[in-house]
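Peer 1: fold the following, please.
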Amino acid sequence: MSIDIKANKEEFIELLKSTGREGVEDLLEYLEEGKNDFFRAPASTRFHLNEEGGLCQHSLNVCHAGLQLRELAIAERPDLESDLSRESVIIVTLLHDINKSDIYKPTMKKVKGAFGIWEEVPGYDVDYSNLPLGHGEKSAIMALLGGLEIYEEELIAIRWHMTAWDLAFQSPEAKNNINTARDKYPLVALLQLADGMAANIFEFTHKRD
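Peer 2: Coordinates of the predicted model:
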């Protein structure tokens, strides 16, 4: 997937501003003030979109999937329109992974080339020392620290978007919380589905021999 950092940044900003939510400008400034620039950070170290600008690309992919899923859900269940407002879908999909904006550090890694010879290639290491608050919960807290007006269901959707991939899910308390969140707010399930669709389908890069 070819990444256009400038175009993605413009689309991200336009979408977030389209919500009309108070504090958007402050949050955008906050995302560029960190140790890493959100718009240039990778989405992972070695999995999906592990390249410069991958994080913003992934966020947009999740947003596109989320908006499509919203239309599908409302077509089947018109009564859910108020629970799945367009602005809420945009906010949770674009911001669910902002915690990653300051954890990846550029480095050189050794990998075996086509002929079995070790060579150095650019890559990323992970450093959780800045604001070590976990994953979903860190994104939710960063949205608040950035000054965005954000609603309860949006915070909860962002917090629990990782489902079973979240290590905290292994505790009975966390399992009960995530099940309750999904039962109470359709937005939680929509974000989980959109995230999985983006990472595993839109960003699918399996190479066949």
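Peer 1: now residue 141: closest residue in space that isn't a chain neighbour?
Peer 2: residue 133 (5.9 Å; C-beta to C-beta, 6 or more residues apart in numbering). The C-beta positions use only the backbone N, C-alpha and C, and glycine is treated the same way.
Peer 1: which parts of this structure are helices?
Peer 2: Along the chain, counting by DSSP state H, helices occupy 5-18, 24-33, 54-76, 86-95, 136-145, 152-159, 172-184, 186-197.
Peer 1: just want the angle from the longest one to helix 5-18.
Peer 2: With axes from the mean of the first three to the mean of the last three C-alpha atoms, to 10 degrees as the criterion, the two stretches helix 54-76 and helix 5-18 enclose an angle of 40 degrees.
Peer 1: number the residues from 19 up from this point.
Peer 2: Okay, using 19 as the starting number, the last item reads as helix 72-94.
Peer 1: CA atoms of helix 72-94 as PDB?
Peer 2: What follows is helix 72-94 as a C-alpha-only set of coordinates in PDB (Å, rounded to 0.1, in the frame of the first residue of the first chain):
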ATOM      1  CA  GLY A  72       1.500   3.900   8.500                       C
ATOM      2  CA  LEU A  73      -0.300   5.000  11.700                       C
ATOM      3  CA  CYS A  74      -2.300   7.800  10.000                       C
ATOM      4  CA  GLN A  75      -3.000   5.500   7.000                       C
ATOM      5  CA  HIS A  76      -4.300   2.800   9.400                       C
ATOM      6  CA  SER A  77      -6.500   5.300  11.200                       C
ATOM      7  CA  LEU A  78      -8.000   6.500   7.900                       C
ATOM      8  CA  ASN A  79      -8.500   2.900   6.800                       C
ATOM      9  CA  VAL A  80     -10.400   2.200  10.100                       C
ATOM     10  CA  CYS A  81     -12.400   5.300   9.600                       C
ATOM     11  CA  HIS A  82     -13.400   4.300   6.000                       C
ATOM     12  CA  ALA A  83     -14.400   0.900   7.300                       C
ATOM     13  CA  GLY A  84     -16.300   2.300  10.200                       C
ATOM     14  CA  LEU A  85     -18.400   4.700   8.100                       C
ATOM     15  CA  GLN A  86     -19.300   1.900   5.700                       C
ATOM     16  CA  LEU A  87     -20.200  -0.400   8.700                       C
ATOM     17  CA  ARG A  88     -22.300   2.500  10.100                       C
ATOM     18  CA  GLU A  89     -24.300   2.700   6.900                       C
ATOM     19  CA  LEU A  90     -24.900  -1.000   6.800                       C
ATOM     20  CA  ALA A  91     -25.900  -1.100  10.500                       C
ATOM     21  CA  ILE A  92     -28.400   1.700  10.100                       C
ATOM     22  CA  ALA A  93     -29.900   0.100   6.900                       C
ATOM     23  CA  GLU A  94     -30.600  -3.000   9.000                       C
END
